[in-house]
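Student: Build the 3D model from these lines:
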Amino acid sequence: MKSPWRDIVRRRYSQQLVMAVAIPLFQQMTGINVIMFYAPVLFNTLGFGLRRQRVADFGGDHRRREHGRDVGVSVHGGQGGGGAQMLVSQVTVGAIPARYAKAVVVVICAYVAAFAWSWRPLAWLVPSEVMSLEVRPAGQSITVAVNMLMTFTVAQAFLPMLCRLKILLFFAAWVTVMALFVALFVPETKGVSIEDMSSLWSSHWYWRRFVDGDDHASHLRDIEMGTK
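Tutor: Numbering: from 1, shown residues only. Below you'll find the model as predicted:
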């Protein structure tokens, strides 16, 4: 791990660089921080008083903690199932008339719960699992940096966007894109040891073209023997 920043931009690690950028970016494009930061604003537009807003916030936070305990789910199962639940919740909120405020709160709680058992834990676990040891320091640094940058961007852009479009439908479209990305480009890591991740990439239908076959295996052997 002498030069992780130099290595991560090499062709053989292209897929890992993509995961370090795309997964934290997609996590923020679920719209979760719109709910977390601006729930009082959203509930106020629905006619809720301050006391009811606090009750609704507490209920969402309780569910988030409760469902966030178990991260022993597969990448595709967790992000696919959670993504489907978030998508349905966002579309439902966008379609419910404002006069049905209580129904909106219930659906938002379902959305927060879906995030808690899918994109919340897995967006941090997956990048660490798919990184090779020699590029993991750089990869994890990029993951955290992208997450913080997108948190700031979404928080700043939300209020202007709220005045111009149905914001949750915007994020619902992103959830659809995210689900397709996971299904097509993120390998299933459940039951795969970190040492076996290189073979997982070399067998993936798309990313195997970026892995240099025998040269990549030789590179890993050199690292294990301490010659590189």
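Student: got the buried residues for the biggest helix by length in the chain?
Tutor: Criterion DSSP state H: the longest helix present in the chain is helix 136-162. The neighbour-count check on helix 136-162 (16 or more other Cβ atoms under 10 Å) flags 136, 138-140, 142-143, 146-147, 150-151, 154, 158, 162 as buried. Placement of C-beta: from N, CA and C, glycine included.
Student: Closest one of those to Ser128?
Tutor: Set against Ser128, the nearest of these by Cβ to Cβ is Gln140 (6.2 Å).
Student: Val130 is in contact with the closest one, correct?
Tutor: No: look at Gln140 against Val130 with Cβ atoms under 8 Å: they stay out of range, at 11.0 Å.
Student: hang on, the earlier thing: nearest to Gln28, out of the buried residues of helix 136-162: which one, please.
Tutor: Gln28 lies nearest to Met150 out of these, by Cβ to Cβ, at 3.6 Å.
Student: ok, that closest one touching Met29?
Tutor: Yes: judged on Cβ under 8 Å, Met150 makes contact with Met29 at a distance of 7.3 Å.
Student: Roughly how far does Val154 sit from Gly82?
Tutor: As for Val154, its distance to Gly82 is 18 Å (criterion: Cβ to Cβ, to the nearest Å).
Student: those strands in this structure, which residues are they?
Tutor: For the chain, strands defined by DSSP state E do not occur.
Student: Sketch out the low-pLDDT regions of this structure for me.
Tutor: Along the chain, segments meeting pLDDT under 70 span 1, 42, 45-73, 77-79, 98, 164-165, 212-228.
Student: still on that earlier bit, now the buried residues of helix 136-162 in TSV, with distance to Arg11?
Tutor: Listed next are the buried residues of helix 136-162 as TSV, based on distance: Cβ to Cβ, whole Å:
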residue	distance to Arg11
Arg136	18
Ala138	15
Gly139	15
Gln140	21
Ile142	17
Thr143	20
Val146	21
Asn147	25
Met150	26
Thr151	30
Val154	32
Phe158	37
Leu162	42
